Every structure is written in structure tokens, then in C-alpha cells.
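1. sequence and predicted structure below; questions after.
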Amino acid sequence: MENQNQDSVSGQQTINIQVPSADNIASRRSLIPILFAIVIIFFFFNFFTISCGGQKVGSVTGISLVTGSELKSHDMISGVETKGEKIPSSAWAIIAFGAAIVGLGVFLIKEKREALIGTGAGAIGFGSLFILQFAIKSAIEKKAEGALQTDFQFAYWGALIAMGIAGIISYLRMQKTHNIIVRVVPSSATTTLNAESAAQTQTSTDAIQQTNNFDIGEWFNKSGKIIVEWFNKNKTIVLSIASAIVVLYGVYYFFLRHDPVKDAKTVAARYCDCSIKYNDAMIKVNEEFIKSFETYGFKKRQEARNKLQEIQNSVNAENTICNNAAQQKYTDLRSRYISEQEMINKFDFAFNAQQGICNPSNQSKLTSMYSDVENKITSIKDPEPDIEKIKTDLIGQQIPGWRFAYLNEFKSSEILNTTRGADRIEYQIKFHLRDDAANTEHDCEVMSVYVQGDQGWVFNNMRMLNITCDYQVPSDNWIRITPWQNCRWNVADDQKLFWKTYDWGSEIKSGPDALNVTLPNSSSYLVKSREGHPITVKFTYKPNN
């Protein structure tokens, strides 16, 4: 802007040239809050993407760096974004976001020193965003060992530029207006002003010489005085900005910063809470079971256990949900430190230590309750197994010379003796068995053992006492009989027989006319009837053990 004034007395014409002031440069005040608002908006868009070999694998928004979130992974096949690895919050992103909020806020409330605060917010935000870029690149390169690349997007650069412009405009609004006065001397007054001009020229020359002889020490002294005066004048604002930075960092350090020991204790406490809740709920259902025990009218222990399991199912389901949530929390928190061995060691050590000291106060009561419930259940007398159950339980068992396979093999059965203990029953049983396929019949005695368990009387084991086998022995020639291995055997003394151990061996008689005959040990024998006709000889086998 040019102002021309004519002095009537001196005849001197003066032109005033006014350099635009900071207020003139930033005359549109509304631009500053708009810029800070744009920064905030940009935080909700992708700040950078992560790629591997030129293929995008994920993206991160600015607000995710503030709050901490999961990486949005890009499915290369479906093209759908899915949740991926946990992204921790960044102190630099928090400071920059907070600076934008402060900058916007002071202009909205029309704070008296909004320009100064805006300058500080812009400078802090710009510096934090600038540092954020290098911090992220360094962290990703360290973790991925150069396998991943980061590409900062328009939202980041837009936020950085908008923050810088907002800070610059705020700074310019703080500056003062400077006026430069230029004197224009008309030609008519040239003669009278020669002497004055010469003097001014000499003065200017001296000033230039003084300027050329610049004293850096004096400049530092003057600059220091100016800074001190400015600080004293704006002490409140400077301290407010510094306090805000300290508060923001404190919030990050104590509330947002990831601490492996704190995280481990948190998740261990969740597991412990699940145990306490489970014990309380289980005590309640067990008390109800004991209270209503007589009204149920149980006939078998298994009926009681089934009912107890039924009323405990809801408690177990809730406990499963609680533990699954705790496990998910454990996985999420532990994944924060998966790339730092020292940090993950601290997490694991703290978690195990905290779990080791988890001792729910209601555990002893629940243990005592289990004992009371078991006493109630064991007071039920389960019905003892009958002969039909015994035959069913023997299916699949095997003894020398016989394998129990079908119920129709049992032609007759009889319990000869029963021996009972506190939780054990031994049955001595005689069976008459028939093998239709081989057309053979056997008499056998077995000991079948049952014990009482959660399912009532349960088959435990079986052993053979004896079993018979019939052989048809002719009278006109010899037949070879091979006794069963691992068994002792004998035949009735009321039948007349010849025995030989080999073809040319001597004959040995047995029968009523040859009592107490001892046959030599052999793996097989030649046998023939002495009664003049074929007879059936019954061998009785007993186990050696």
C-alpha cells in the first residue's frame, strides 16, 4: 500500500510503503482451526501401508497408532480386509493428535493467546508427526528384518503439511507490523540538500562498515536478552504447553504404554477371577444337590452322578466361556511382545508367578463340598450283577481252549459261590458250553470279579478254574492226543486205557485195575481203549498258575 503526502512548508514529498503485517497475512483467522480439524480428520484415514515384495499386506490408520489396534490385513485372494497382528499405540502419534485437539480447541474457545498456543501446538504436532515416520520405519525394519516395506499415504502427508501450515500462520499472527519510510527528494531541492545528502551518505557508509564488523558475541547477548524477555512475557503460555506435553507423556507412560509385567498380572488375575466365580457357582449347585438328594430317589450311583453332572453343566459352560475370554486376552497381550525376547520372557515369568499365587479363598469350602457329595453318592447300594450280566461281561474274554463269543454258547450256568467285600464281589460260576461249529461241548468253572465304581458294579477280571474236553478213543488202534499247553490235566480213573509216549514205547495201563498210575511227561500221548469198544475220555484242564 502506498500513501503519498505533500509537505507544503518544506516542499518535500514522502511515500510511505507499509509491509504487510502478520495480521494482514493471516487475516482469515478461521483458516487455522480448519487446518487443525483437517489434521484430526486425517488421523482416521490410512497413514501408511505395509507391503511385502510389492504386494500390500496391511494398512494402519492414524487413530490406530493413538489407541492401539489390530492390523488390517489384506487378503490377496478375496480382496477382503481382515484383522491381523496387534498394533501398539505410539507416543508420537498421541502427542501429535493431542496437539491438533489443543490447537483446534483454543481457536474455538477464542483463547486470548490463541496465536501463541497455536504456534506451539503446530510446532509440537509437526515435530511429532515427522519423528513418527522414522520411528515406525525403524520398528518395522527391526521386527521384519527388512522383509517388509512401509509406504506413507496421503493422509499422513496431509496431516503433516496441515499441521505445519497451521503453526506457521499462528506464528505470523504473533508478529508486529513494520513500516519503511522512503523519502523522495524533488529536483528543485537538489542543491539545498547536497550537503545533507553527503552527510547521510557518509553516515550510511559508516553504518555499512559497522555492519561488516559484525560482533557475534554481542549478537548472542542481544538474542539471549530478547529470548529471556519473550519468555518472561509469555511464561504462562510456555509453561502451559510444557505441562501439557508432560501430562500427555505421563498419560502414555502410565496408562497407554505397554508393560509386560502389568499385562501378565492383568491376564493372570482374569484366570484367577474365573476360578473364584467357578468355585462359588459350584458350591451353590452342590449345596442344592445335597439338600434335594433324598427327594431324587436314586436307585444307582450312576443315576446320582448323572443328575449331578446335569446341574453342573451350566456352571461348566460359564467357566469355559470365562476361561476362553481369559485365554484370548492372554494371547492378545502376549502378542505385543512376540518380537522382543526379553519382553516376552518378562511377561511369561510374571504370568506364571502370578498364577502360582492364585489361591481362591473358597477353594477349601468347595473341596469339602466334594467330599460331602461323594459320601452321599456312595451311600447308595448299587444292585449286584446277575448271571445274565455276568455272561454279557464275559463276551470277548478268553481262557485255554475257549473264547467266549456268543450268548447262545452258554447252555447252562450256575453261581456256585459268592464272596463279597466292601467294594468287590467274586463269583464262582459253572458253565456248560457248546461249540456248534466244532460240535464240541465243555464244562468249565471260572472266577468272575466285580468292583464298585462310579458306574456301579463293573467287571474287573476273570480267571479259569477248570475246563473239560472230550476225546473219542477207539479200541482197535491208537490215536494221538496233545494236551493243552500251560495247563495241568487229568482223566477219570473209572476208564480202562492204554498209554504210550511214542510208537515203539512200552504200554502203560490206567483204570480201576491200575490205580495211581503216573504217566511220564510228554507233549503228546498215544491212547487206546482196553474195554473192547470205543469210549469217550474226558480230560479236565486246570491252569498252571
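-> Everything's here; your move.
2. helices or strands up against the longest helix anywhere in the chain?
-> The longest helix of the chain (DSSP state H) is helix 301-335. Applying 3 or more CB pairs under 8 Å, 6 or more residues apart in numbering; DSSP states H and E, we find helix 301-335 packed against strand 81-87, helix 260-291, helix 293-296, helix 341-356, helix 363-378. All C-beta atoms are positioned from the backbone trio N, CA, C, and that covers glycine.
3. would you mind finding the most buried of these?
-> Mean neighbour count (mean count of other CB atoms under 10 Å) peaks for helix 260-291 among those, with a mean of 17.
4. now stretch 360-373: average pLDDT?
-> In this model, stretch 360-373 carries a mean pLDDT of 90.
5. actually stretch 410-427, sorry about that
-> pLDDT averaged over stretch 410-427 gives 94.
6. what of stretch 380-395?
-> Rounded mean pLDDT across stretch 380-395 is 93.
7. quick check: buried residues in that stretch?
-> Using 16 or more other CB atoms under 10 Å as the burial criterion, the residues of stretch 380-395 that qualify are 380, 382, 385, 390-391, 393-394.
8. now the residues you listed in CSV, with distance to residue 453 and secondary structure?
-> Listed next are these as CSV, based on distance: CB to CB, whole Å; DSSP: H, G, I helix; E, B strand; the rest coil:
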residue, distance to residue 453, secondary structure
380, 13, coil
382, 9, coil
385, 13, coil
390, 17, helix
391, 20, helix
393, 14, helix
394, 19, helix
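9. quick one: which of those residues is nearest residue 370?
-> Nearest to residue 370 out of the buried residues of stretch 380-395 is residue 380 (CB to CB; 16.7 Å).
10. so the closest one versus residue 513, what's the distance?
-> To residue 513, residue 380 is 62 Å away according to CB to CB, to the nearest Å.
11. how about residue 369?
-> Applying CB to CB, the value for residue 369 to residue 513 is 76 Å.
12. check residue 338 too.
-> Distance from residue 338 to residue 513, by CB to CB: 94 Å.
13. so how far is the one helix or strand residue 140 maps to from its chain's centroid?
-> Assigned by DSSP states H and E, residue 140 falls within helix 114-144. Using CA atoms, centre = their mean, to the nearest Å, the distance from the centre of helix 114-144 to the centre of the chain it belongs to is 33 Å.
14. packing partners of the very next helix or strand once past that helix?
-> Toward the C-terminus, helix 114-144 is succeeded by strand 149-152 as the next helix or strand (DSSP H and E). When contacts are defined as 3+ CB pairs under 8 Å, 6+ apart, strand 149-152 packs onto strand 46-52, helix 114-144.
15. what's the following helix or strand after strand 149-152?
-> That would be, after strand 149-152 and using DSSP H and E, helix 154-172.
16. give me the residues contacting that next one.
-> With contacts defined as CB atoms under 8 Å, 6 or more residues apart in numbering, helix 154-172 is touched by 22, 25-26, 31-32, 35-36, 38-39, 42-43, 45-48, 61-62, 96, 99-100, 103, 114-119, 121-123, 125-126, 129-130, 133.
17. same thing but at 6 Å, please
-> Residues from elsewhere that reach helix 154-172 (CB atoms under 6 Å, 6 or more residues apart in numbering): 22, 25-26, 32, 35-36, 38-39, 42, 45-47, 115, 118-119, 122-123, 125-126, 129.
18. what of stretch 374-386?
-> By CB under 6 Å, 6+ apart, stretch 374-386 touches 293, 298, 300-301, 304, 450, 456-457.
19. based on its surroundings, how many neighbours for residue 417?
-> Burial measure for residue 417: 11 neighbouring residues, criterion other CB atoms under 10 Å.
20. redo the helices and strands packed on strand 149-152 as TSV? Include distance to residue 262, mean neighbour count and mean pLDDT.
-> TSV is the format used below for these (distance: least, CB to CB, whole Å; neighbours: other CB atoms under 10 Å; pLDDT from 0 to 100):
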stretch	distance to residue 262	mean neighbour count	mean pLDDT
strand 46-52	27	19	83
helix 114-144	21	20	83
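21. distance to residue 279 added to these, as a markdown table?
-> Formatted as a markdown table, the helices and strands packed on strand 149-152 follow (distance: least, CB to CB, whole Å):
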| stretch | distance to residue 279 |
| --- | --- |
| strand 46-52 | 46 |
| helix 114-144 | 42 |
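22. and the pLDDT for the residue lying closest to residue 135 once chain neighbours are set aside?
-> The shortest distance from residue 135 to any non-neighbouring residue, by CB to CB, 6 or more residues apart in numbering, is to residue 92 (5.8 Å). For residue 92, the pLDDT comes out at 90.
23. element containing residue 92?
-> helix 91-108.
24. max-length strand in the protein?
-> When the chain is parsed with DSSP state E, its longest strand is strand 456-473.
25. quick one on the thing from earlier: can you name the two of the contacts of stretch 374-386 that sit furthest apart?
-> 293 and 450 (25.5 Å).
26. so among the contacts of stretch 374-386, where is pLDDT lowest?
-> residue 456 (83).
27. phi, psi for the nearest residue in space to it that is not next to it in sequence please.
-> Computed as CB to CB, 6+ apart, the closest residue to residue 456 that is not its neighbour in sequence is residue 382, at 4.0 Å. The phi/psi pair for residue 382 (degrees, to the nearest 10) reads phi -70, psi 140.
28. most centrally placed residue in this protein?
-> Compute the mean C-alpha point of the chain, and by CA atoms, centre = their mean the closest residue is residue 331, 2.6 Å away.
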